[in-house]
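[1] The amino acid sequence is not available; the structure is as follows:
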(Lines give C-alpha, C1' and ligand atoms only; values in the text may rest on other atoms or scores of the structure.)
Protein backbone atom coordinates (compact mmCIF):
# COMPACT_ATOMS: atom_id res chain seq x y z
CA UNK A 1 0.00 0.00 0.00
CA UNK A 2 1.35 3.43 -0.82
CA UNK A 3 0.58 6.71 0.84
CA UNK A 4 -1.95 8.69 -1.14
CA UNK A 5 -2.10 12.43 -1.36
CA UNK A 6 -3.33 14.83 -3.97
CA UNK A 7 0.17 15.54 -5.32
CA UNK A 8 0.44 11.95 -6.56
CA UNK A 9 -1.76 12.67 -9.57
CA UNK A 10 0.55 12.92 -12.55
CA UNK A 11 -1.95 14.10 -15.15
CA UNK A 12 -5.61 14.54 -15.99
CA UNK A 13 -6.85 14.58 -19.56
CA UNK A 14 -10.31 15.19 -20.94
CA UNK A 15 -10.64 13.20 -24.15
CA UNK A 16 -12.74 14.03 -27.19
CA UNK A 17 -15.01 11.14 -26.11
CA UNK A 18 -15.90 13.02 -22.88
CA UNK A 19 -13.78 10.73 -20.70
CA UNK A 20 -11.55 12.01 -17.91
CA UNK A 21 -8.31 10.00 -17.88
CA UNK A 22 -6.38 10.13 -14.58
CA UNK A 23 -2.73 9.06 -14.40
CA UNK A 24 -1.20 8.49 -10.97
CA UNK A 25 2.53 9.01 -10.38
CA UNK A 26 2.93 5.75 -8.48
CA UNK A 27 1.78 2.19 -9.02
CA UNK A 28 -1.37 1.51 -7.03
CA UNK A 29 -2.93 -1.71 -5.77
CA UNK A 30 -6.55 -2.78 -5.52
CA UNK A 31 -6.54 -2.15 -1.77
CA UNK A 32 -5.64 1.52 -2.49
CA UNK A 33 -8.79 2.17 -4.52
CA UNK A 34 -10.95 3.31 -1.60
CA UNK A 35 -8.38 5.97 -0.73
CA UNK A 36 -7.91 6.96 -4.38
CA UNK A 37 -11.66 7.27 -4.76
CA UNK A 38 -11.94 9.46 -1.67
CA UNK A 39 -9.13 11.68 -2.96
CA UNK A 40 -10.95 12.25 -6.25
CA UNK A 41 -14.55 12.46 -5.07
CA UNK A 42 -13.86 14.97 -2.29
CA UNK A 43 -12.68 17.43 -4.97
CA UNK A 44 -15.86 17.10 -7.00
CA UNK A 45 -17.96 19.19 -4.65
CA UNK A 46 -21.41 17.74 -4.13
CA UNK A 47 -20.61 14.34 -5.67
CA UNK A 48 -22.26 11.38 -3.94
CA UNK A 49 -21.24 7.77 -4.40
CA UNK A 50 -24.26 5.62 -5.21
CA UNK A 51 -22.76 2.19 -5.89
CA UNK A 52 -19.51 0.19 -5.88
CA UNK A 53 -19.19 -2.70 -8.32
CA UNK A 54 -16.18 -4.93 -7.66
CA UNK A 55 -14.90 -7.27 -10.34
CA UNK A 56 -11.79 -9.43 -10.59
CA UNK A 57 -9.56 -6.73 -12.07
CA UNK A 58 -11.90 -3.73 -12.38
CA UNK A 59 -13.78 -1.64 -9.87
CA UNK A 60 -16.55 0.75 -10.92
CA UNK A 61 -17.76 3.46 -8.58
CA UNK A 62 -20.99 5.07 -9.66
CA UNK A 63 -21.63 8.59 -8.44
CA UNK A 64 -23.95 11.49 -9.07
CA UNK A 65 -22.85 15.08 -9.50
CA UNK A 66 -25.30 17.91 -10.03
CA UNK A 67 -27.94 16.31 -12.27
CA UNK A 68 -25.56 13.84 -13.90
CA UNK A 69 -24.53 10.24 -13.35
CA UNK A 70 -20.95 9.05 -13.74
CA UNK A 71 -18.71 6.02 -13.36
CA UNK A 72 -15.23 6.18 -11.85
CA UNK A 73 -13.35 3.16 -13.23
CA UNK A 74 -10.20 1.51 -11.91
CA UNK A 75 -8.57 -1.31 -13.86
CA UNK A 76 -5.85 -2.93 -11.81
CA UNK A 77 -3.82 -4.79 -14.45
CA UNK A 78 -3.45 -1.83 -16.81
CA UNK A 79 -3.27 0.74 -13.98
CA UNK A 80 -6.04 2.65 -15.76
CA UNK A 81 -8.28 5.14 -14.03
CA UNK A 82 -11.00 7.11 -15.79
CA UNK A 83 -14.35 8.81 -15.32
CA UNK A 84 -17.13 8.62 -17.86
CA UNK A 85 -20.70 9.87 -18.03
CA UNK A 86 -23.40 7.23 -17.84
CA UNK A 87 -25.51 9.00 -20.46
CA UNK A 88 -25.39 11.87 -22.95
CA UNK A 89 -27.24 14.31 -20.70
CA UNK A 90 -24.52 13.90 -18.04
CA UNK A 91 -21.71 14.77 -20.46
CA UNK A 92 -22.33 18.50 -19.94
CA UNK A 93 -20.74 18.21 -16.47
CA UNK A 94 -17.69 16.12 -17.39
CA UNK A 95 -15.44 19.11 -18.21
CA UNK A 96 -16.17 20.59 -14.79
CA UNK A 97 -15.25 17.31 -13.12
CA UNK A 98 -11.98 17.24 -15.09
CA UNK A 99 -11.21 20.81 -14.06
CA UNK A 100 -11.86 20.04 -10.37
CA UNK A 101 -9.52 17.05 -10.46
CA UNK A 102 -6.89 18.92 -12.46
CA UNK A 103 -6.67 21.40 -9.58
CA UNK A 104 -5.12 18.56 -7.52
CA UNK A 105 -1.95 18.50 -9.62
CA UNK A 106 0.84 20.31 -7.79
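    Great, that's in hand. Everything numeric in this text was worked out from a predicted model, so none of it was measured. Residues are numbered from 1 along each chain as shown.
[2] where exactly do the strands run in the chain?
    Assigned by DSSP state E, the strands in the chain fall at 9-14, 19-24, 48-54, 58-65, 68-75, 80-85.
[3] Of all these, which one is nearest residue 96?
    Closest approach to residue 96 among those is made by strand 58-65 (8.2 Å; CB to CB). Backbone N, C-alpha and C define where each C-beta goes, glycine included.
[4] what lines up beside that closest one in the sheet?
    strand 48-54 (antiparallel), strand 68-75 (antiparallel) (DSSP bridges).
[5] Return the distance of that strand from the chain's centre.
    Between the mean C-alpha location of strand 58-65 and the chain-wide mean there is a distance of 8 Å, by CA atoms, centre = their mean, to the nearest Å.
[6] Could you give the average pLDDT over that strand?
    Mean pLDDT, strand 58-65: 96.
[7] Just the buried residues of that strand, please?
    Residues 59, 61, 63, 64, 65 are the ones in strand 58-65 that count as buried (16 or more other CB atoms under 10 Å).
[8] For beta bridges, what are the partners of the last one?
    Right, residue 65. residue 68.
[9] Let me know whether it touches residue 49 as I believe.
    No: in terms of CB atoms under 8 Å, residue 65 does not count as a neighbour of residue 49; the distance is 10.4 Å.
[10] Count residues in the vicinity of the nearest residue to residue 30 once chain neighbours are set aside, would you?
    Excluding its sequence neighbours, the residue lying closest to residue 30 (CB to CB, 6 or more residues apart in numbering) is residue 76, at 5.2 Å. Applying other CB atoms under 10 Å, we find 16 residues neighbouring residue 76.
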